[in-house]
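S.K.: model this:
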Amino acid sequence: MSIFSRKRKNGLNEDLPFTISEETISYLMPVEQKPKTREEQVIDEKNFDVAFMAALGFTDGNVTFEQALQIPAVAASIDFISSICARVPVKLYEENGSDTNELTDDGRVSLLNGDTGDLLNAYQMKKAWVRDYFDGRGYIYINQRRNRVESLHYVEKAQISVSRYTNPIFKDADIHVAGSRYYPWEFLRLCRNTKDGVTGESITDSSSLILSLYYETMKFERRLMNKGGNKKGFLTSEKKIGDEALSKMRETWHNVFDTNSESMMVLNSGIKFQEASATSTELQLNENKETNSNDILLLFLLSAKALQGASDDEIVSAVKTACIPIIEQMEAAYNSGLLLESEKKTKYFSCDTSKLERGDILKRYQAYEIALKSHFMQPDEVRYEEDKKPLGLNWIELGLDSVLFNPETKEIYTPNTNQSAVMEQRDKDDYIQDPETGRMQGRTPSGTGENDLTDGSESGKISPTGKNMFKVNGFRNKQKLKNHWENGRTHKDEFIEDGIKTAEEYEKAGMNLVQSKVGGDILGHADGRGNIIRYDRKKNYFAKGNPEKGLTTFMKPKIGEMYYQIQREEDLAHGGKA
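M.R.: Okay, the predicted model is just below:
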């Protein structure tokens, strides 16, 4: 009912001018709304803290997302993360059995990496999308015609409202933009801490206390600057102050706290100034700000060093902890919104984060050096990892001292001599010991390669651990000595550093070791074919020979004692003794 109709009920004439006197207003106004005269406000101990905080200008309200962006740590963190996520290239792959192929000519890839069909390019679109993620949710509209994606359009969060259905199991919602209704599948949705897939939790809601504390601290500092650094507080009087004196005091007080004024204020007897705030030094604002700033960075899983670019390791660590989880959510949104149901079985979008996780160039190149020396990467593979054009070097690099072993077939291949052998086979002229007579023969009667080796206490028998005298003092012939010393092998280079400079010295050292008795630093055994094996763990010398054939191997294994232990285990498993 209008006021006019109510007046008619009270007996007012409808044709008379509509006027209300001050008395009528006073009569109609509720008692609690009548103007009040000024009253003294008494502050006791119970509400002093509230008054004190109010005097400082602090409130307990939450900050908005825009206010949170005024905090340097928040603005820097969101800019860092959104920039990283926006610049990561998006690729489309298709699985075909065991093969996975990259699809470079698909139009959706161009929309996600270049021209979106909108005023914003792909970088700007994704950066704004991730920024809105920290405010709870980000949306990108998929402009689709039939089954073809024509363009992508970022939509500001403020322009979107969501109507959720009440069913807590089968979740559904309507999305409204500028008065039009849309379905959730028409958008790429990036929601933070979401429970329904269409809405999320803003950083200002989940961490309101620390953000509001820092924001209020900034406001307090600004007020200090505006007040010229003057302290805030209360004026206390032992006597009641009249209205005229109070008005004059307010005016003078305002002039004192005006930064552009050089006024002063003299307090009469009985009036005292009660300080209500401390200086910035006393409150240790700088230290508090630094601590609070670091706490805010932890909300984003970042550190101050990462934002300051202290080292590549810090940046890589920040990318892994702060950016990769969001990038994975972006991938899930691409796969959910941009792929047809028939494509989801074989195709998927993936963000290429390899460049982000590379680390500094020195560490990468040192890793490549190890890979090349160990022969499990080739030059063109390294160039591919560094986005360089391949040189067409389609071969596997092997050292001249390399020996290839196939654990399934037991086949050993030596590229240097182009010879192959099987570990459990032997040549027809190999000398082994007859298990019945104990004499060295070309092969055992059974042909199994097994024999009875003794400790050398009987004549004609060899000792796996004792001293053995060889009939052939050295290699079988000069050519074999030359092959082991300098013809393509590296044994010469191995022993020169130990003072062994000639082939004769090399041969003599090998014979001394292979004929020696096991004990101390000398390890040894005999294999199933009558060969004596000795290893000097102090010098890293490995020697192998047969009393009837002479010295067959003398070298310094690259892997040290492990090489001997592998040989020992293999030999003992095939008839050898220790």
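
S.K.: in the host helix or strand of Y93, which of the residues would be classed as buried?
M.R.: Per DSSP states H and E, Y93 falls inside strand 90-96. By neighbour count on 16 or more other Cβ atoms under 10 Å, the buried set for strand 90-96 is V90, K91, L92. All C-beta atoms are positioned from the backbone trio N, CA, C, and that covers glycine.

S.K.: same question for stretch 107-116.
M.R.: The neighbour-count check on stretch 107-116 (16+ other Cβ under 10 Å) flags R108, V109, L111, L112, N113, T116 as buried.

S.K.: re the thing from before, and which of the buried residues of strand 90-96 is nearest K482?
M.R.: Closest to K482 out of the buried residues of strand 90-96 is K91 (57.0 Å), distances taken as Cβ to Cβ.

S.K.: contacting residues around the closest one?
M.R.: Counting by Cβ atoms under 8 Å, 6 or more residues apart in numbering, K91 touches E102, V109, F349, S350, C351, D352.

S.K.: how much space separates the residue nearest to T465 when sequence neighbours are not counted from N167?
M.R.: Excluding its sequence neighbours, the residue lying closest to T465 (Cβ to Cβ, 6 or more residues apart in numbering) is V518, at 4.0 Å. The spacing between V518 and N167, counted by Cβ to Cβ, to the nearest Å, is 81 Å.

S.K.: more crowded one of the two?
M.R.: Each of V518 and N167 has its neighbours counted (other Cβ atoms under 10 Å); V518 has more, 16 against 8.

S.K.: from memory the more buried one sits against K467, does it?
M.R.: No: taking contacts as Cβ atoms under 8 Å, V518 lies outside contact range of K467: 9.1 Å.

S.K.: sorry, back to before: would you turn the contacts of K91 into JSON lines with secondary structure?
M.R.: What follows is these, written out as JSON lines (DSSP: H, G, I helix; E, B strand; the rest coil):
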{"residue": "E102", "secondary structure": "strand"}
{"residue": "V109", "secondary structure": "helix"}
{"residue": "F349", "secondary structure": "strand"}
{"residue": "S350", "secondary structure": "strand"}
{"residue": "C351", "secondary structure": "strand"}
{"residue": "D352", "secondary structure": "coil"}
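
S.K.: need the max-distance pair from these.
M.R.: Counting by Cβ to Cβ, the most remote pair of the contacts of K91 is E102 and C351, 13.1 Å apart.

S.K.: ok, these two, which is more surrounded?
M.R.: Comparing E102 with C351 by other Cβ under 10 Å, the one with more neighbours is C351, at 19 against 12.

S.K.: tell me how far the more buried one lies from L112.
M.R.: For C351, the distance to L112 - Cβ to Cβ - is 9 Å.

S.K.: so what are the domain limits for the chain?
M.R.: 71-208+301-358, 209-286, 360-397, 428-572 (automatic domain parsing).

S.K.: of all the ones you listed, which one is nearest K410?
M.R.: domain 428-572 (9.6 Å).

S.K.: averaged pLDDT, the closest one. What do you get?
M.R.: The average of the pLDDT scores along domain 428-572 is 78.

S.K.: how far is that domain from where the chain is centred?
M.R.: Relative to its parent chain, domain 428-572 has a centroid offset of 53 Å by Cα atoms, centre = their mean, to the nearest Å.

S.K.: equivalent analysis for stretch 159-174, please.
M.R.: Relative to its chain's centre, stretch 159-174 lies at 34 Å (Cα atoms, centre = their mean).

S.K.: would you mark the buried spots in it?
M.R.: Neighbour-count burial for stretch 159-174 [16+ other Cβ under 10 Å]: I160.

S.K.: closest one of the buried residues of strand 90-96 to S402?
M.R.: Nearest to S402, judged by Cβ to Cβ, of the buried residues of strand 90-96 is K91 at 37.6 Å.

S.K.: dig out what that closest one forms beta bridges with.
M.R.: S350 (DSSP bridges).

S.K.: check contacts around A68.
M.R.: A68 touches V74, I203, T204, L211, Y215, counting by Cβ under 8 Å, 6+ apart.

S.K.: dump the residue contacts of the third one.
M.R.: The neighbourhood of T204, defined by Cβ under 8 Å, 6+ apart, consists of N62, V63, T64, F65, Q67, A68, D135, L211.

S.K.: kindly recompute the last result at 10 Å.
M.R.: 62-69, 74, 134-136, 211-212, 215 (Cβ atoms under 10 Å, 6 or more residues apart in numbering).

S.K.: which parts of the stretch 251-400 of the chain are helices?
M.R.: Secondary structure of the stretch 251-400 of the chain, counting by DSSP state H, counting those that start in this stretch: helices at 285-299, 304-308, 312-318, 324-337, 361-373, 379-385.

S.K.: out of these, the one nearest T414 is which?
M.R.: helix 361-373 (19.9 Å).

S.K.: show me what the closest one is packed up against.
M.R.: With contacts defined as 3 or more Cβ pairs under 10 Å, 6 or more residues apart in numbering; DSSP states H and E, the packing partners of helix 361-373 are helix 312-318, helix 379-385.

S.K.: which of the buried residues of strand 90-96 lies closest to L372?
M.R.: For the buried residues of strand 90-96, the nearest to L372 is K91 (27.5 Å; Cβ to Cβ).

S.K.: so what's that closest one scoring on pLDDT?
M.R.: Looking at K91, the pLDDT reads 94.

S.K.: gap between it and S110?
M.R.: According to Cβ to Cβ, K91 and S110 sit 12 Å apart.

S.K.: could you do S207 as well?
M.R.: S207 is 38 Å from S110, by Cβ to Cβ.

S.K.: for the protein, which helix is longest?
M.R.: Looking across the chain with DSSP state H, the single longest helix is helix 208-226.

S.K.: may I see the buried residues of that helix?
M.R.: Within helix 208-226, the residues scored as buried using 16+ other Cβ under 10 Å are I210, L211, S212, Y214, Y215, E216, T217, K219, F220, L224.

S.K.: which of these sits closest to L339?
M.R.: L211 (37.5 Å).

S.K.: Y214 is in contact with L299, isn't it?
M.R.: No: applying Cβ atoms under 10 Å, one finds Y214 not in contact with L299, separated by 11.0 Å.

S.K.: how about V518, what does it touch?
M.R.: Taking Cβ under 10 Å, 6+ apart, one finds S463, P464, T465, G466, K467, G524, H525, R534, Y535, A578 in contact with V518.

S.K.: mind checking which of these are in strands?
M.R.: G524, H525, R534, Y535 (DSSP state E).

S.K.: any chance of TSV for those residues, columns neighbour count and distance to A333?
M.R.: Formatted as TSV, the ones in strands among the contacts of V518 follow (neighbours: other Cβ atoms under 10 Å; distance: Cβ to Cβ, whole Å):
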residue	neighbour count	distance to A333
G524	24	67
H525	22	64
R534	25	67
Y535	26	62
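
S.K.: so the residue minimising distance to the centre of the chain versus K91, what's the distance?
M.R.: Nearest to the geometric centre of the chain sits K320, at 1.8 Å (Cα atoms, centre = their mean). Note on K320: its distance to K91, by Cβ to Cβ, is 20 Å.

S.K.: equivalent analysis for E328, please.
M.R.: 14 Å.
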